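>>> with the input below, show me the fold.
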Amino acid sequence: MSPDLQPTMQTDEPPLGAHLVSRRAGYSHHGIYVGGGRVVHYAGLCVSLHRGPIEEVTLERFAAGYEVAVVAHPCAAFVGREAVARARSRLGEDRYRLLSNNCEHFCTWCVDGKGRSDQVRTCIAHPLAGLRVVRALVHARRMQASRDAYAAQAV
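Okay, here's the model as predicted:
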């Protein structure tokens, strides 16, 4: 785990406006904690093969069974209620773009005022790492599509 991540304890509530990260197979998913066990995140491609909008969900749905950590922003421009207000101001936005407007861009915009994605930077700087991420995403999406098709047949 990188030094800028602080694991959340299962019994502790993250701080209001915290930038959360949940490491998945091949990538990390990001969201803003808005209190009351809720997270605002860019659904993007995290749920299905179809991109999704910025939405407010439960912490459990955001985590999807994966561990959640808090990303430290020691020089954040917006904290607490200000970060929450920024996150909620974009609810419903549906302009997800993997390389230029993803869940990490959204969260860094909420707390720092400028969207950026270290995941994208890493993939561009190290194309083989990027290829592994793309493969992992495609595999995860195929598995989800298979589960969805199976569930539809069972109904």
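
>>> mind telling me what element the residue nearest to Ser117 when sequence neighbours are not counted is part of?
If the residues on either side of it in the chain are set aside, Ser117 comes closest to Glu104, at 4.1 Å by C-beta to C-beta, 6 or more residues apart in numbering. C-beta here means a position set from N, CA and C on the backbone, and glycine is covered the same way. Element membership of Glu104, judged by DSSP states H and E, is helix 103-112.

>>> same for that helix, what does it pack against?
Applying 3 or more C-beta pairs under 8 Å, 6 or more residues apart in numbering; DSSP states H and E, one finds that helix 103-112 contacts strand 19-23, strand 28-35, strand 38-44, helix 81-89, helix 118-125.

>>> okay if I get those as a markdown table plus mean neighbour count?
Listed next are these as a markdown table, based on neighbours: other C-beta atoms under 10 Å:
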| stretch | mean neighbour count |
| --- | --- |
| strand 19-23 | 22 |
| strand 28-35 | 24 |
| strand 38-44 | 23 |
| helix 81-89 | 18 |
| helix 118-125 | 14 |
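
>>> where in the chain is the helix or strand with the lowest mean pLDDT?
strand 5-7 (a mean of 51; mean pLDDT, DSSP states H and E).

>>> cool, thanks, signing off.
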